[in-house]
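Student: Got a sequence here, can you model it:
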Amino acid sequence: MYFCGTNLSVMPHTLLIRDLTLRDGQQSAFATRMTQSQIDRVLPFYKAAGFYAMEVWGGAVPDSIMRYLGENPWDRLEKIHAAVGNVSKLTALSRGRNLFGYAPYPDNIIEGFCKNAIESGLGIMRIFDALNDIDNVKSTIKYVKQYGGIADCAVCYTIDPHFPFSERLKAFFKGKPLPKKVFTNDYFLQKALAMEALGADMISIKDMSGLIEPSHVAEMITLFKKHLKIPVDFHTHCTPGYGLAAVLSAIISGVDIVDAVIWNFSGGPAAPAVELIYVFCKKLGIDFDVDMEAVAKINAELLNIRKELDKFDAVKQFPNPFNPLTDTLPAEIDREFDNAIAAAKIGNEEALLKACHAIEAYFNFPAPNELVKNAEIPGGMYTNMVAQLKELGSMDIIEDAMKLIPTVRLAAGLPPLVTPTSQIVGAQAVNCATSLKNGKAMYSNISNQFVALVKGEYGKTPVPIDADFREKITGSREEIPYDTSKHKMQANPLLPQFDNVPLAENEKEILLLELFPAVAAGFLTKEKGKRYLAEHPPVPVEPTEEELLAERLFAALG
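Tutor: Numbering: from 1, shown residues only. The predicted structure follows:
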């Protein structure tokens, strides 16, 4: 396949790198299990590396480190900032009005969260909405900028579901024709322009599924750079096999920033390796403003940390060692880098992918996941569906559930498949497949989250939801948005066992309780208990004479 639209004259003189290793990298491959002590071991080298930005917070980090590691999310952000300072901008990922949860939050919670995150060292907030609903990102943009942060607004990349001609014909004769292509280049550009108008400081193309093909990257970057006045960042994953080639196409098309992961945490479900991007940039004559000697030191420690995280390793396939500063590439692999560049410049997508796959195979990165690629869904969505079916003892209907995803997704307004909508649609597809298997109606088992999505509580869907379907699922033909004025703050009880201290004693703890009610309640209770024991150590009790006599007697008896 050949594509056009690549403008070589816009290649940047300096490519900026957002390092994802300590957030998205470890979340994609190791279930967010890096401890603070493990992170502390690489931070001195990060300061020397000088990445433009480091993603270290948000996503699953706050929940996971409380839930599994017993660590304070605010401490993590503050400790990383203390070690790195302002050398790199620390970044976090948030879901717009939903922040880290599923339900939309009122402005006072969003403001408090943005204020405290920026005061704790956050420099950039990447803001996205699972429906690409602009209304859902307004408040976060406002408060991030108000407190001195950079608002990085993400357009969630997604593709239209494929329906067989027979289904389109059937829908047409029923008087409810299936929609024409929705997710066009203009759709994404209009979202980006709307966010720029709201004050976005940069725009990210967020390809959370790794499904964007190099040809489409070239088109979108060229279009965005032509119409936007702010920097453009490109984020993708390697799971389906497009990642490295897509990043190269983005660089050649003039992208300002790319997201990458350091070698031993990269590839597979994560983003491409920064070391491979460095090789491409050297060959292209593009400045790469990162100290690669420091990166090599980080990578050496990451190898040890990855071994320590073995039981959480989703891939268990280590890339072959490589340091682009000291290692010489074999002639045939060096040629593959040149082949990839040449193919990207003329728009030969087939040759580009072939060269990039050869490079990744040589270094032992995971091969493209054909199942995820063909299903055109995020890898995490697929694994969640498998886990749900295993729990139900119904793995025999996995193919049926996968086939139902386009139908369920369209009925729900064609939401992009990103957290939380990917989980909602995937879980409902499993419910529908299970119901059909048991001879029941397709929507006889509906999750609360699916009801909320169809009702309108998550925001405006890309296409309107059929009124008959909404009534069937929710009992109302009318859209009913979530009313944040009805939000009730979480209970904050006193803990009598610890001198009646409140469960949450300050604004940061209150925010944890609001965003992660059950997890934060357990975490904060344990924290108060630890402090109480430290302040009230058990008083040693002197043994009585009888106890001492008995002790000597037992000792004498042997």
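Student: Just after the longest helix seen in the chain, pick out the following helix or strand.
Tutor: Scanning the chain for the longest helix, with DSSP state H as the assignment, gives helix 517-535. Read in the C-terminal direction, the helix or strand following helix 517-535 is helix 545-557, with elements assigned using DSSP states H and E.
Student: Give me the next element, helix or strand, following the helix or strand bottoming out on mean pLDDT in the chain.
Tutor: Scoring the helices and strands of the chain by mean pLDDT, DSSP states H and E places helix 165-173 at the bottom, with a mean of 70. Downstream of helix 165-173, the next assigned helix or strand under DSSP H and E is helix 185-197.
Student: Quick one: distance of that next one to the chain centre.
Tutor: Centre-to-centre, helix 185-197 and its host chain are 21 Å apart (CA atoms, centre = their mean, to the nearest Å).
Student: which residues are in contact with that helix?
Tutor: 132, 134, 137, 141, 153, 155, 157, 203, 205, 216, 219-220, 223-224, 227-230, 462 (CB atoms under 8 Å, 6 or more residues apart in numbering). C-beta coordinates here come from the backbone N, C-alpha and C atoms, glycine included.
Student: and those residues, which are buried?
Tutor: Of the members of the contacts of helix 185-197, the ones counted as buried by neighbours, 16 or more other CB atoms under 10 Å, are 132, 134, 137, 141, 153, 155, 157, 203, 205, 216, 219-220, 223-224, 228, 230, 462.
Student: circling back: list the buried residues of the longest helix of the chain.
Tutor: Taking 16+ other CB under 10 Å as the neighbour-count basis, helix 517-535 is seen to contain the buried residues 519-521, 523-524, 527-528.
Student: and what of stretch 390-407?
Tutor: Buried residues in stretch 390-407, counted by 16+ other CB under 10 Å: 394, 397-398, 400-402, 404-406.
Student: counting contacts, what elements does the longest helix of the chain pack onto?
Tutor: Under the contact criterion of 3 or more CB pairs under 8 Å, 6 or more residues apart in numbering; DSSP states H and E, the helices and strands touching helix 517-535 comprise helix 61-69, helix 507-515.
Student: In the last one, which of the residues would be classed as buried?
Tutor: Within helix 507-515, the residues that qualify as buried by neighbour count (16+ other CB under 10 Å) are 508-515.
Student: now it and helix 517-535, what's the angle there?
Tutor: Per axes from the mean of the first three to the mean of the last three CA atoms, to 10 degrees, the angle that helix 507-515 makes with helix 517-535 is 140 degrees.
Student: Give me the distance from helix 507-515 to the chain's centre.
Tutor: For helix 507-515, the distance from its own C-alpha centre to the chain's C-alpha centre is 22 Å (CA atoms, centre = their mean).
Student: so what secondary structure elements neighbour it?
Tutor: helix 61-69, helix 73-84, helix 107-119, helix 517-535.
Student: and with 6 Å instead?
Tutor: Helices and strands touching helix 507-515, as assessed by 3 or more CB pairs under 6 Å, 6 or more residues apart in numbering; DSSP states H and E, comprise helix 107-119, helix 517-535.
Student: Among the ones you listed, which comes closest to residue 388?
Tutor: Comparing these by their distance to residue 388 (CB to CB), the top pick is helix 517-535, with 20.3 Å.
Student: returning to what we had before: go ahead and name everything in contact with the longest helix of the chain.
Tutor: Counting by CB atoms under 6 Å, 6 or more residues apart in numbering, the neighbours of helix 517-535 from elsewhere in the structure are 63, 66-67, 490, 495, 498, 501, 503, 509, 512-513.
Student: Likewise for stretch 395-411?
Tutor: Residues lying outside stretch 395-411 but in contact with it, judged by CB under 6 Å, 6+ apart, are 161, 375, 385, 389, 425, 428-430, 432-433, 437, 469.
Student: Show me how far the longest helix of the chain is from its chain's centre.
Tutor: The mean C-alpha position of helix 517-535 is separated from the chain mean by 28 Å, CA atoms, centre = their mean.
Student: tilt between it and helix 73-84?
Tutor: In terms of direction (the same axes, to 10 degrees), helix 517-535 departs from helix 73-84 by 70 degrees.
Student: that older thread, any idea which of the buried residues of helix 507-515 is the one closest to residue 44?
Tutor: Nearest to residue 44 among the buried residues of helix 507-515: residue 508, at 26.3 Å, using CB to CB.
Student: tell me the pLDDT at that closest one?
Tutor: pLDDT for residue 508: 97.
Student: which residues are contacting stretch 42-51?
Tutor: Among residues not part of stretch 42-51, those counted as contacts by CB under 6 Å, 6+ apart are 17, 19, 83-84, 87-88, 290-291, 294-295, 297-298, 301.
Student: any chance of those in CSV, with neighbour count too?
Tutor: As requested, those are arranged in CSV below (neighbours: other CB atoms under 10 Å):
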residue, neighbour count
17, 24
19, 28
83, 16
84, 22
87, 14
88, 24
290, 22
291, 15
294, 18
295, 28
297, 17
298, 25
301, 16
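Student: so where's the stretch 451-558 of the chain uncertain?
Tutor: Low-confidence segments of the stretch 451-558 of the chain, defined by pLDDT under 70: 556-558.
Student: Okay, strands next: where are they in the protein?
Tutor: Secondary structure of the chain by DSSP state E: the strands cover 14-19, 53-58, 89-94, 122-127, 150-156, 202-206, 232-235, 257-260, 287-288, 494-495, 501-502.
Student: Comparing those by mean pLDDT, which bottoms out?
Tutor: For these, the weakest mean pLDDT is recorded on strand 287-288, namely a mean of 91.
Student: what's in contact with it?
Tutor: For strand 287-288, the external contacting residues (CB under 6 Å, 6+ apart) are 13-15, 278, 281.
Student: can you put the residues you listed in TSV and add neighbour count and distance to residue 40?
Tutor: Output for the contacts of strand 287-288, formatted as TSV (neighbours: other CB atoms under 10 Å; distance: CB to CB, whole Å):
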residue	neighbour count	distance to residue 40
13	7	35
14	11	30
15	23	29
278	20	26
281	22	30
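Student: which pair in those spans the largest distance?
Tutor: Longest distance between any two of these is 15.6 Å, between 13 and 278; criterion CB to CB.
Student: and the nearest residue to residue 34 once chain neighbours are set aside, how far is that from residue 262?
Tutor: Taking CB to CB, 6 or more residues apart in numbering, and ignoring the residues beside it in sequence, residue 34 has residue 26 as its nearest neighbour in space, at 4.8 Å. Using CB to CB, to the nearest Å, residue 26 is found at 11 Å from residue 262.
Student: do residue 332 as well
Tutor: Distance, residue 332 to residue 262, by CB to CB: 25 Å.
Student: Check residue 268 too.
Tutor: Residue 268 sits at a distance of 14 Å from residue 262 (criterion: CB to CB).
Student: Residue 108 now?
Tutor: With CB to CB as the criterion, residue 108 and residue 262 are 38 Å apart.
Student: more crowded one of the two?
Tutor: Neighbour totals were compared for residue 108 and residue 262, and residue 262 leads with 26 against 12 (other CB atoms under 10 Å).
Student: excluding its backbone neighbours, what's nearest the more buried one?
Tutor: For residue 262, the nearest residue in space outside its immediate sequence neighbours is residue 21; the separation is 4.7 Å by CB to CB, 6+ apart.
Student: ok, how many other residues are close to that neighbour?
Tutor: Here the count is done by other CB under 10 Å, and residue 21 has 30 residues near it.
Student: so how far is residue 42 from it?
Tutor: Taking CB to CB as the measure, residue 21 falls 8 Å from residue 42.
Student: Give the residues shared as contacts by those two.
Tutor: None of the residues lies in contact with both residue 21 and residue 42 under the rule CB under 6 Å, 6+ apart.
Student: Contacts only, for residue 99.
Tutor: With contacts defined as CB under 6 Å, 6+ apart, the neighbours of residue 99 are 105, 113, 515.
Student: let's go with 8 Å and repeat that
Tutor: Taking CB under 8 Å, 6+ apart as the test, what residue 99 contacts is 105, 109-110, 113, 515.
Student: nearest to residue 540, of the residues you listed?
Tutor: Top of the list for closeness to residue 540, among the contacts of residue 99 and by CB to CB, is residue 515 at 41.7 Å.
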